[in-house]
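[1] Here's my sequence, what's the structure:
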Amino acid sequence: MMVKKCWVHPRAGIIPKRGKKGKPKVLFTMNTHDISGSDVFKGMYGFHTDDLGKSYSEPIALPPLNPRFETIEGKEHPVAASDFWPAFHSSSRKLLGIGHTVVYTPEWKVMVPRPRHTSYAVYDEKNDKWGNWKKLQMPGGEQFYFAGAGSVQRYDESDGTILLPIYFNPHPNGRKRSDRVAVLRCSFNGENLIYQMHGQEISIEDNSRGLQEPSLTKFKGKYYLTMRNDHNGYVSKSQDGLNFEPIVSWKFDDGSDLGNYNTQQHWVTHSEGLFLVYTRKGADNDHVFRHRAPLFMAQVDPDKLCVIWDTERIIVEERGARLGNFGVTNVSPNETWVTVAEWMQFSGKVKTPTSNLEVKNYGSDGSVWVAKINWNQPNKYFKT
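    Model (predicted):
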């Protein structure tokens with residue numbers, strides 16, 4: 001039997017001390033995906049745990065985060081908020097989720113070219129529901145016509161300032177797509193996310209779609225940015241989180257290529273070590289779309305900007321389905337979670353039932369995974 005939908009983009013944020021016995025309440029959001037199409041996200045669902053994952057609620061629809069219809073170029077188009085990532089904003093005491101929009105044709109095909117915005121929503125703790133998603137207002141003009149923060153890790157400064165990496169195409173109507181990355185400095189007052197400025201525009205000149213899905217962290221006083229590219233993952237570092245050193249491709253500490261390509265990577269940041277979560281080729285996984293499984297984690301050498309080979313571990317096993325769209329959540333000083341779902345398409349677009357069955361034959365069933373990392377010493381970077 002062919003599966004028609006699957007879960008994608010499961011990511012979590014916490015509300016401190018709102019779970020059982022003073023534990024955090026951990027809230028998840030995730031999109032549904034129509035596997036007969038490409039990036040067709042028709043709904044957002046949520047679930048939670050009050051006991052650090054001993055039990056979970058059943059997923060329920062989140063109407064405020066669902067697609068809506070907008071008039072674009074004189075036609076009504078469905079517009080979805082997707083690639084959503086909730087994270088607790090300590091200064092405002094609010095759970096703020098950020099992603100981007102996807103505009104579809106009336107027939108639910110991804111519109112090309114199309115506008116893209118950074119989408120965001122705020123969780124109303126008192127009424128136990130998400131507010132309606134909004135769009136971050138950016139400077140006008142063509143430059144940010146196609147710009148969003150889908151599947152990115154932001155960094156919240158101690159004063160409440162949000163450093164938000166985005167990717168954008170400065171020439172959305174050109175023949176060749178070549179996305180750039182920049183980090184926005186934003187303010188957040190508990191209700192509205194406000195653009196203040198953006199830093200250096202980072203680009204790459206190669207035969208690719210540019211740089212995408214950036215993620216930012218801070219470790220021992222320096223900022224680190226990792227980026228997706230069609231051919232390689234890239235990384236850079238910065239003193240201020242806005243202006244970065246020349247990018248370098250991800251490698252192991254022996255100089256060999258990491259093997260990550262056309263897939264996002266994200267940070268796990270502990271006060272005693274910096275880690276990367278990623279997928280890569282070379283792991284007996286040629287049958288997996290873009291080698292997007294298993295999910296690996298390894299320590300990073302922050303000075304040399306490389307992955308330390310001997311520290312690599314599999315944290316979510318490969319069962320045929322891709323695991324590329326994942327999230328990272330610090331739930332306590334002693335525990336970090338990596339969350340991901342089995343994306344049940346075998347190729348970019350499933351056209352026959354056998355394509356889906358081929359994924360299932362390796363063991364995938366559309367599961368949502370929570371990989372729990374238990375630290376042997378408290379993470380002093382944990383914020384509440």
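[2] quick one, strands of the stretch 251-384 of the chain?
    Here the stretch 251-384 of the chain has its strands, by DSSP state E, counting those that start in this stretch, at 266-270, 273-278, 295-301, 306-307, 313-316, 327-332, 335-341, 368-374.
[3] Return the set of buried residues in the fifth one.
    When burial is assessed from 16 or more other C-beta atoms under 10 Å, strand 313-316 yields the following buried residues: 315-316. In this view, the C-beta of every residue, glycine as well, is placed from N, C-alpha and C.
[4] Tell me which residues are up against it.
    Residues from elsewhere that reach strand 313-316, judged by C-beta atoms under 8 Å, 6 or more residues apart in numbering: 277, 293-298, 323, 326, 338, 340, 369, 371, 373.
[5] Most neighbours among the residues you listed, please name it.
    Within those, residue 340 tops the neighbour count with 30 neighbours, counted by other C-beta atoms under 10 Å.
[6] Can you give me the pLDDT of it?
    Predicted confidence (pLDDT) for residue 340: 99.
[7] Wait, it touches residue 10, no?
    Yes - Residue 340 is in contact with residue 10 according to C-beta atoms under 8 Å; the separation is 6.6 Å.
[8] show me where this structure has helices.
    Here the chain has its helices, by DSSP state H, at 353-360.
[9] which residue sits farthest out from the middle of it?
    Going by C-alpha atoms, centre = their mean, the residue of the chain most distant from its centre is residue 74, 31.7 Å out.
[10] now that one: how far from residue 106?
    From residue 74 across to residue 106, the span is 12 Å (C-beta to C-beta, to the nearest Å).
[11] which residue is nearest the centroid of this protein?
    The centroid of the chain falls nearest to residue 151 when counting by C-alpha atoms, centre = their mean (2.3 Å).
[12] How about the contacts made by it?
    Per C-beta under 8 Å, 6+ apart, neighbours of residue 151: 9, 83, 85, 99, 213, 264, 325.
[13] Same question for residue 117.
    Residue 117 neighbours (C-beta under 8 Å, 6+ apart): 100-101, 135-136, 138, 147-148.
[14] let's see 7 Å
    Counting by C-beta atoms under 7 Å, 6 or more residues apart in numbering, residue 117 makes contact with 100-101, 135-136, 148.
[15] Same list (these) but as CSV, adding distance to residue 44 and neighbour count.
    Formatted as CSV, the contacts of residue 117 follow (distance: C-beta to C-beta, whole Å; neighbours: other C-beta atoms under 10 Å):
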residue, distance to residue 44, neighbour count
100, 13, 26
101, 12, 22
135, 16, 17
136, 18, 22
148, 16, 27
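[16] Mind picking the two most distant members of the contacts of residue 151?
    99 and 264 (13.0 Å; C-beta to C-beta).
[17] and these two? which has more neighbours close in?
    Per other C-beta under 10 Å, whichever of residue 99 and residue 264 has more neighbours is residue 99, with 30 against 26.
[18] Which residue is the nearest non-sequential neighbour of that one?
    residue 84 (3.7 Å; C-beta to C-beta, 6 or more residues apart in numbering).
[19] Could you do residue 275 as well?
    Distance criterion C-beta to C-beta, 6+ apart; nearest residue to residue 275, sequence neighbours excluded, is residue 268 at 4.0 Å.
[20] So what's the residue count around that neighbour?
    Residue 268 sits with 24 neighbouring residues when counted by other C-beta under 10 Å.
[21] I'd like the distance between it and residue 133.
    Counting by C-beta to C-beta - residue 268 and residue 133 are separated by 27 Å.
[22] and residue 325, backbone torsions?
    Phi and psi for residue 325, reported as degrees, to the nearest 10, are phi -110, psi 90.
[23] got a list of what it touches?
    The contact partners of residue 325, by C-beta under 7 Å, 6+ apart, come to 8-9, 151, 264, 343.
[24] returning to that earlier point: next up, the contacts around the residue nearest to residue 275.
    By C-beta under 7 Å, 6+ apart, the contact list for residue 268 reads 275, 277, 297, 328, 336, 373.
[25] Go ahead and confirm the residue nearest to residue 99 touches residue 97.
    Yes - using C-beta atoms under 7 Å, residue 84 is in contact with residue 97, at 5.1 Å.
[26] What count of nearby residues applies to the spatially closest residue to residue 34 that is not a sequence neighbour?
    Nearest non-adjacent residue to residue 34, counting by C-beta to C-beta, 6+ apart: residue 40, 4.0 Å away. As a burial measure, residue 40 scores 21 neighbours (other C-beta under 10 Å).
[27] measure residue 40 to residue 109 for me?
    Plainly put, residue 40 is 8 Å away from residue 109 if you go by C-beta to C-beta.
[28] ok, now residue 310?
    Distance, residue 310 to residue 109, using C-beta to C-beta: 46 Å.
[29] Tell me which of those two has more neighbours.
    residue 109 (12 against 9).
[30] neighbours around the closest residue to the more buried one other than its chain neighbours, how many?
    Leaving aside its chain neighbours, residue 109 sits nearest to residue 37 (7.0 Å; criterion: C-beta to C-beta, 6+ apart). Residues near residue 37, counting by other C-beta under 10 Å, number 17.
[31] can you check residue 281 too?
    Other residues lying near residue 281 total 16 when counted by other C-beta under 10 Å.
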